[in-house]
Every structure is written in C-alpha cells, then in structure tokens.
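Q: from the sequence below, what's the structure:
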Amino acid sequence: MNMTYRPDANSRKAQRYSRVAILLHWAIALLILSMIPMGWWMVRAINSPDSQQTAYQAFQLHKSIGFAILALTVLRIVWRLTHRPPPLPANMKGWEVFLAHATHMTFYAFMLAMPLTGWLYVSSGWAIATDKPLEVATSWFGLFTIPHLPGLEANRSVAFGAMGAHAWMAYGGAVLIALHVAAALKHHVIERDGVLAQMLPFFKQRAEKTLDKPAGAVSALAGFAALAVLALAGIEANRPAPLSQAALQAMEPAAEDAAPQAAAPGPTLAPAQSNATPAPASGATAPTWTIDKAKSSIAFSGTHAGKAFQGRFEDWSADIHFDPANLATSRAVVTVKTLSAKTGDPTQEGSLKNGEWFNSARFPDAVFTTTGFKSLGGERYEAEGTLTLKNKPVPVTLPFTLTMTGGKAHMEGSLQLSREALNLGMFSDPAAEWVSKMIDVKITVDADKAASP
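A: Numbers count the residues shown, from 1 in each chain. Okay, the predicted model is just below:
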C-alpha cells in the first residue's frame, strides 16, 4: 500500500467530524445499543404467557427503532459521500489503516442489512417462534403504517432465512462494536493521537500529523464480504425442517372469494327458531328512525396476547324502520366500514385491515340485514338477521333492549361473534393463541323518529 504523508499548511491542524456527522453517529449508536439486548430478550419472552404482552410491545418498538436506524443510516451515508471525514493519524501502520476503513465499511453495511432483514422477516407473515403464519402490521412509533414488502405473504422460507441472517449479523455486530470501542480507547489511552476526540466534541484535541488516505475499494469489499459471510451462515444454520402434511392442511386458509355459504352454527350465532315475525318482501310501513351518531356506537372487545382490548368502528350507517306495534313491517340494515376499526393500538389497527382479517381493501363493508324481529316482553326484543363479511353470510341473533319516549328511542344490544365462523385471523391464529376466538360486540343507538311525509 502506498500511503504518503503530505506536509502542507493544514497537516497539523486539529480536525473533527462535522456536527451533523457527530449527531448522526451517536444517535445511531445509541439506537443500536438499545436494540441488541431488546432483541435477545423479546424472542424468548414472547413464548411465555406472563411476558407475552410486554414482548409484543417490545417487538413493535424494535421494529420502529429498526426503521429509524435505516433512515438515519441512509442520511449518514449521503452526508459521508458529500463531506470528507477528518484524516487518520500519520503514525498508523498500513494494516491498521486497512482495518479501520474495513471496519467502517462493515458498519455501514451492518446498519443497512440489519433493518432490511428485519423488514423481510415481518413482511414474510410467518412467526418462526411458533412456526406458524402470523401477519402483524408495522406501525412506526404509532404515527403511520409501514407497508410490508410485496409478494412475501406466509413465506416460511423467507422468514427463517431472514431471521437467521438477522440473528447471526446481530452477534457479529456485537463483536464489531466491541472491537470499535477497543480501537477508539487504544487511540485515546495508548496512542494519544486525538482520534477519539474527532467524534467527541468535549474532548480536547491536539494537533497531529495526519495521513490523508481515503478508503480503498479493497478494504470496503473486505468489510462487505465479512458481513455477507455471516448472513449466509445464518441463513444456512436456520434452514427449517419441512412441515408435515398434517401441519400444512391445518394451516390451509379458506379462500376469501369462495361462493357465499353459511357458517357452521354456534351457540351465539345460530338463528333462533321461527318465532320471529318475518319481514314482508316489500311495502314496509314502519316509521323511519334517524341515528344520532354522537350518542351511538358499535364497540368490540376481546383479548390479545393475554391482555384485554377494546375497540370501535368510527364509520358506520344504518337504515332503520321500526315499530314495536308492527314488527312485521320493521327492518334494519347496518353498514360498517371495516377500515374504520380503532383499538388505540396502531399495530392492531393495521393488522385488522389486512387480508386474513377484514381485508378492507377488497371487502370494505360489513353488512347486517335483519330478517325479522320478535318481542321478548317489556322492553326486550330480538333481531334475527344475516351478517355478511367478506362476501360470506353468517346468521346472527341480536338481543337488545329498547326504550322509547315520544319521538326518541334508546337501544342497547350485545352479542358474541366467533372469529372461526367469520373467518377472521384463522390462518395465523386458529387456536386463539394470540386473539380470543370469541369477540364481544356492544351496540348502542340513540335515534329520532323521522317526521311523517
């Protein structure tokens, strides 16, 4: 290697990295240092019921920090390409210069490869901890959803390969950080050449002779190759065993565009016997009611990762014609925009709109249409109808109470709906290991009777 020291007017001038470079360096460093112990803990804690919910939250934080590292790294590379770093000390040996440049290049590759392999993993829709499909949305610190990489849905091979590379590079990254810190301390304590002060503004820096030698292609390739070997080793070591035929059949998802069919009846979904007064085919004469949306709601609740959750639909409408004295002409149609489901957890909300749940892009509406009403005595009633979700009709019986005062009405109803009957999340969570199989639904409606024409 031909490294020449060029004595010029600036050769003994103390030099530091720019403020932007220093800020980016330490911001990325602190984020990476938080990620390694978090990652090691959460992959073990996610399988324990006592820590599952905390681990779930840690996974979401881990993903958000990973994307922050990716964005900051891209910015750091752009800044590095447009702003020359300070030169190395002139007393460094050739092999030390080579290793310094190779280490820096490896760090850049590491900071790009780690979040990218993590992105591949979450996009694959497969949990290697349980070796089952699991589709979870990615919300960046709860501010916005980051889309999955396309074409990787329920891809087991990609999941295992990406996580193998991710894990092995994490171990390599820990070693790389230790070597980097050791080298910085060597320069500061033993060599006393001011290298550490270049990145620490509060350290006093001495003017030193410098070696103005940019990073070479060979050192860069060496750094990239070292990381690539680690990634390939992780992929090879994490190759999964083939799934059994029974496991494949158990995880076979139902086709969402299949011909409409009634779901298997269950205790909370089966229609009541034919005691209800059937609605006539035409000529409904029951008065129309206008909903007060500010006082009305459709809410749902259940458990997720061992913790109770509550949600609501923010966008829905109803066409109601009801007369307790004339149930035969009473009818109602309620249309719910599934994309409006809110739980207060951006990751849950992002997952709900996905394919195996509501698939809101393809099936934006869930529609409940009554087929008849019956009185249970006093203010208690029951509405029989059909809930159509993802083009599949499911018979539903909704018990409710109704209080009417003059031209105003207050209704409250509740029921349980089965995820299995509605085919919600049954591909990734058929055994309800994550989300409760039964979901409670509560409906509250305040309405005003429309004026007669």
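Q: who's Asp446 bridged to?
A: Partner residues in beta bridges with Asp446, using DSSP bridges, are His410.
Q: residues contacting it?
A: Ile291, Asp292, Lys295, Ser296, Lys408, Ala409, His410, Met411 (CB atoms under 8 Å, 6 or more residues apart in numbering). The C-beta positions use only the backbone N, C-alpha and C, and glycine is treated the same way.
Q: and which of those residues is nearest Lys132?
A: Proximity of those to Lys132, judged by CB to CB, is greatest for Ser296, which lies at 38.5 Å.
Q: surely that closest one is in contact with Val445?
A: Yes. Counting by CB atoms under 8 Å, Ser296 touches Val445, with 4.7 Å between them.
Q: these two - which one has more neighbours?
A: Counted by other CB atoms under 10 Å, Ser296 and Val445 do not tie: Val445 has more neighbours, with 23 against 16.
Q: my read: the more buried one touches Lys293, true?
A: No. Judged on CB under 8 Å, Val445 makes no contact with Lys293 at a distance of 9.6 Å.
Q: what separates the spatially closest residue to Ile77 that is not a sequence neighbour from Met199, distance-wise?
A: With sequence-adjacent residues excluded and distances taken as CB to CB, 6 or more residues apart in numbering, Ile77 is closest to Tyr108, at 6.2 Å. Separation of Tyr108 from Met199 (CB to CB, to the nearest Å): 15 Å.
Q: what mean pLDDT would you report for the host helix or strand of Leu81?
A: Assigned by DSSP states H and E, Leu81 belongs to helix 52-82. Helix 52-82 carries an average pLDDT of 93.
Q: report all helices and strands that that helix contacts.
A: The contact analysis (3 or more CB pairs under 8 Å, 6 or more residues apart in numbering; DSSP states H and E) places helix 52-82 against helix 19-45, helix 94-124, strand 138-140.
Q: so it versus helix 19-45, what angle?
A: For helix 52-82 against helix 19-45, the angle by axes from the mean of the first three to the mean of the last three CA atoms, to 10 degrees is 150 degrees.
Q: quick one: work out the angle between helix 52-82 and helix 94-124.
A: Angle of helix 52-82 versus helix 94-124, following the same axes, to 10 degrees, is 130 degrees.
Q: quick one on the thing from earlier: which of the contacts of Asp446 ranks first by neighbour count?
A: Busiest of these [other CB under 10 Å] is Met411, holding 22 neighbours.
Q: where's it relative to Pro150, distance?
A: Met411 is 44 Å from Pro150, by CB to CB.
Q: cool, and Leu70?
A: As defined by CB to CB, Leu70 lies at a distance of 18 Å from Pro150.
Q: more crowded one of those two?
A: Between Leu70 and Pro150, counted using other CB under 10 Å, Leu70 has the larger neighbour count: 19 against 7.
Q: so who does the closest residue in space to that one that isn't next to it in sequence touch?
A: Nearest in space to Leu70, with sequence neighbours left out and distances taken as CB to CB, 6+ apart, is Pro115 at 3.9 Å. By CB under 8 Å, 6+ apart, the residues touching Pro115 are Gly66, Phe67, Ile69, Leu70, Thr73.
Q: now flag whichever of the residues you listed is closest to Ala332.
A: Phe67 (44.6 Å).
Q: I figured that closest one was touching Phe141, is that so?
A: No. Contact between Phe67 and Phe141 fails when scored by CB under 8 Å: they sit 9.0 Å apart.
Q: between the two, who's got more neighbours?
A: For Phe67 and Phe141, the more surrounded residue by other CB under 10 Å is Phe67, and the numbers stand at 16 against 13.
Q: and the more buried one, what does it touch?
A: Contacts of Phe67 by CB under 8 Å, 6+ apart are Pro115, Trp119, Thr138, Trp140, Ile146.
Q: using ChimeraX, define a selection of the buried residues within these.
A: Selection of the buried residues among these in ChimeraX, burial being defined by 16 or more other CB atoms under 10 Å:
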select :115,119,138,140,146
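Q: distance to Phe160 added to the contacts of Phe67, as CSV?
A: Listed next are those as CSV, based on distance: CB to CB, whole Å:
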residue, distance to Phe160
Pro115, 18
Trp119, 15
Thr138, 19
Trp140, 25
Ile146, 22
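Q: which among the contacts of Phe67 gets closest to Phe400?
A: For those, the minimum distance to Phe400 (CB to CB) is 38.5 Å, reached by Thr138.
Q: tell me the pLDDT of that closest one.
A: For Thr138, the predicted pLDDT is 91.
Q: same thing with Tyr121?
A: For Tyr121, the pLDDT comes out at 95.
Q: going forward can the numbers begin at 14, since that is how I track them
A: Yes, from this point I'll number from 14; that puts the last item at Tyr134.
Q: number of nearby residues for the closest residue to it other than its chain neighbours?
A: Spatial nearest neighbour of Tyr134, excluding adjacent residues (CB to CB, 6+ apart): Ala175 at 4.2 Å. Per other CB under 10 Å, the neighbour tally for Ala175 reads 27.
Q: same thing with Gly324?
A: By other CB under 10 Å, the residues close to Gly324 number 19.
Q: how near is it to Gln65?
A: 19 Å.
Q: give me the domain ranges for the chain.
A: 32-259, 271-462 (automatic domain parsing).
Q: what's the spacing between the last one and its chain's center?
A: Between the mean C-alpha point of domain 271-462 and the mean C-alpha point of its chain there is a distance of 27 Å (CA atoms, centre = their mean, to the nearest Å).
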